[in-house]
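J.: no sequence on this one, just coordinates:
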């Protein structure tokens, strides 16, 4: 079976220490103000404290929900909308390990892929002017190391491995537990990031959408070019057919 | 008398024609190869980008060569436009922009009928509508050539401008929607000019009677008989000058 690298995360053991974000930033030289990974928070809804004016109306004594931290990053989706938005194939799915990669020499930084990611996992590098994102620490993996965020995590919330290999830690964790994924209902990209048992928040992914020029390319520009080239080709075929069939001589005047 | 030749192209214009042809061929092949996205690739499947990437080693090599060829193409045309302005470019522009509506519309109608159905059909259609369906005499370029030349030049300017924007995208451009629109406009413009190019190539290589024009793109001269038949007004002009 093909290799599919994935991350299985036990978000209930995350402390929001952000060590994964720091180690990623150092390892991958992510510029100031940008991140390849994140820890999202669900905050409890405490509501307003009851007072004579609003007594009985506010949800002060309802279920406040609990604090929950959710580590994340590029989810290396099996249905990658970012790949579908890239004109050149600079963003591609690496068939060897199932990760989504950016070829930084082929990327011209048009940023078509950025709105096409429902998770906001991509950014345009302010100096390199090309798109950058998590590659599951491809350099470290070449050396046989785990991604920086995985080894740094003090509570081992992130488990990384080939989920198609039943012996891997990630696969075992998935086998022993129910897992969930965070998706946008309108555009399920089939992410390869699994959360053990449950996770929160879950309502933050946006609808994945390519920018207008890419949407109009497939739906309008390509048929238009086809029509014009086709019409001219038809004209040529008619002229060529006539040339073969009719011996055409200009009448003397 | 029948062997008489008239000069139609100078060595410089012959060079620029074939230089342009080579660049167009190379840029079209590599540019199509750069569209690795199957949904956007105008040809069926991704066999062309895959093949081009194998031939040139990688997608990034394709990109580099496409940009280099585009720069060379632009620079040579800039030099031509600046240093050849008086001798070549302005006379050429005057020629392709010289439109005489009544004569040109008549040429478009009659020539299309003749090219697709022949002279006999043209005569018969003329009788039905009570017109004298004679194909109007043409100058240095016929209407078809002018109709291809003007969009080619305008298209070329659009292609170069959008190409420069894309090439500078990962160098100094921060407005990415400008880059995104440039990609689309670049593609559509190339598609339109390519459609005209198909007719241009058909006329030169396959169409009967145009063989002397094709040969003149190497020798620079056309037979006087050909000029008289295809470009009567130009022929008269040249002859008039010679007589004086």
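T.: Looks like it arrived, so ask away. All values reported here derive from a predicted model rather than from experimental measurement.
J.: hey, let's count contacts and neighbours off CA atoms from now on
T.: Fine.
J.: say whether chain A is contacted by the one helix or strand in chain B whose mean pLDDT sits lowest.
T.: Comparing every helix and strand of chain B by mean pLDDT, DSSP states H and E singles out helix B:232-243 as the least confident one, with a mean of 80. No. Shown here: helix B:232-243 not in contact with chain A (Cα under 8 Å from any Cα of the partner chain), separated by at least 14.9 Å.
J.: so which bits of that helix are buried?
T.: B:232-235 (16 or more other Cα atoms under 10 Å in any protein chain shown).
J.: what's it packed up against?
T.: helix B:224-230 (3 or more Cα pairs under 8 Å, 6 or more residues apart in numbering or on different chains; DSSP states H and E).
J.: tell me the mean pLDDT over the helix it packs on?
T.: Helix B:224-230 comes out with an average pLDDT of 88.
J.: list the buried residues of that helix.
T.: B:224-228, B:230.
J.: how about low-confidence regions in the chain?
T.: Since no chain was named, I'll use chain A. Chain A contains residues with pLDDT under 70 at A:45-65, A:252-253.
J.: that was the other one, I meant chain B.
T.: For chain B, counting by pLDDT under 70, the residues that fall below are B:1-2, B:242-244.
J.: those helices in it, which residues are they?
T.: B:11-34, B:47-55, B:59-83, B:90-97, B:101-117, B:119-129, B:143-172, B:176-205, B:211-219, B:224-230, B:232-243 (DSSP state H).
J.: swap in chain A?
T.: So, for chain A - with DSSP H - the helices run A:19-27, A:81-85, A:138-142, A:148-152, A:169-176, A:212-216, A:222-245.
J.: out of those, which gets nearest to chain B?
T.: Chain B lies closest to helix A:222-245 among the helices of chain A, at 4.5 Å (Cα to the nearest Cα).
J.: show me which residues of the stretch 51-200 of chain A sit near chain B.
T.: Checking the stretch 51-200 of chain A against chain B by Cα under 8 Å from any Cα, the hits are A:84-89, A:105-106, A:108-112, A:128-130.
J.: in PyMOL, select just the buried ones from those residues.
T.: Selection of buried members from those for PyMOL, criterion 16+ other Cα under 10 Å:
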select buried, chain A and resi 84+85+86+87+88+89+106+108+109+110+111+112+129+130
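J.: determine which two of the residues of the stretch 51-200 of chain A next to chain B are furthest apart.
T.: Farthest apart among those by Cα to Cα are A:84 and A:128. That separation is 22.7 Å.
J.: pop the domain breakdown of chain A in here.
T.: A:5-43+A:63-196, A:211-253 (automatic domain parsing).
J.: could I get these as TSV with distance to residue B:48?
T.: Shown next, in TSV, are these (distance: least, Cα to Cα, whole Å):
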stretch	distance to residue B:48
domain A:5-43+A:63-196	13
domain A:211-253	16
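J.: quick check: residue A:89 vs residue A:191, distance?
T.: 20 Å (Cα to Cα, to the nearest Å).
J.: what do you get for residue B:170?
T.: 29 Å.
J.: can you check residue A:204 too?
T.: Relative to residue A:191, and taking Cα to Cα, residue A:204 is found at 14 Å.
J.: who has more neighbours out of these two?
T.: With neighbours defined as other Cα atoms under 10 Å in any protein chain shown, residue A:204 and residue A:191 compare such that residue A:191 has more, 18 against 14.
J.: what sits against that one?
T.: A:75-79, A:181-183 (Cα atoms under 8 Å, 6 or more residues apart in numbering or on different chains).
J.: now do the contacts for the residue nearest to residue B:136 when sequence neighbours are not counted.
T.: Leaving aside its sequence neighbours, residue B:136 sits nearest to residue B:107 (Cα to Cα, 6 or more residues apart in numbering or on different chains; 5.6 Å). By Cα under 8 Å, 6+ apart, the contact set of residue B:107 is B:135-136, B:143.
J.: same question, residue A:109
T.: Counting by Cα under 8 Å, 6+ apart, residue A:109 has contacts A:124, A:129-131, B:169-170, B:176.
J.: quick one: residue A:184 from residue A:207, how far?
T.: 6 Å.
J.: same question for residue B:206.
T.: 52 Å.
J.: these two: which is more packed in?
T.: residue A:207 (17 against 14).
J.: ok, that one touching residue A:183?
T.: No. Applying Cα atoms under 8 Å, one finds residue A:207 not in contact with residue A:183, separated by 9.3 Å.
J.: and the helices of chain A, which is most packed in?
T.: Stretch with highest mean neighbour count among the helices of chain A: helix A:81-85 (a mean of 23; mean count of other Cα atoms under 10 Å in any protein chain shown).
J.: give the other helices and strands that it contacts.
T.: strand A:91-94.
J.: mind running it again at 10 Å?
T.: Using 3 or more Cα pairs under 10 Å, 6 or more residues apart in numbering or on different chains; DSSP states H and E, the elements in contact with helix A:81-85 are strand A:91-94, strand A:99-102, helix A:212-216.
J.: partner strands of the second one, parallel or antiparallel?
T.: With DSSP bridges as the criterion, the sheet partners recorded for strand A:99-102 are strand A:91-94 (antiparallel).
J.: any idea how far the partner strand is from the middle of the chain?
T.: Relative to its chain's centre, strand A:91-94 lies at 11 Å (Cα atoms, centre = their mean, to the nearest Å).
J.: run through who's touching that strand.
T.: A:4, A:76-80, A:82-86, A:98-104, A:106-107, A:113, A:131-132, B:36-37 (Cα atoms under 10 Å, 6 or more residues apart in numbering or on different chains).
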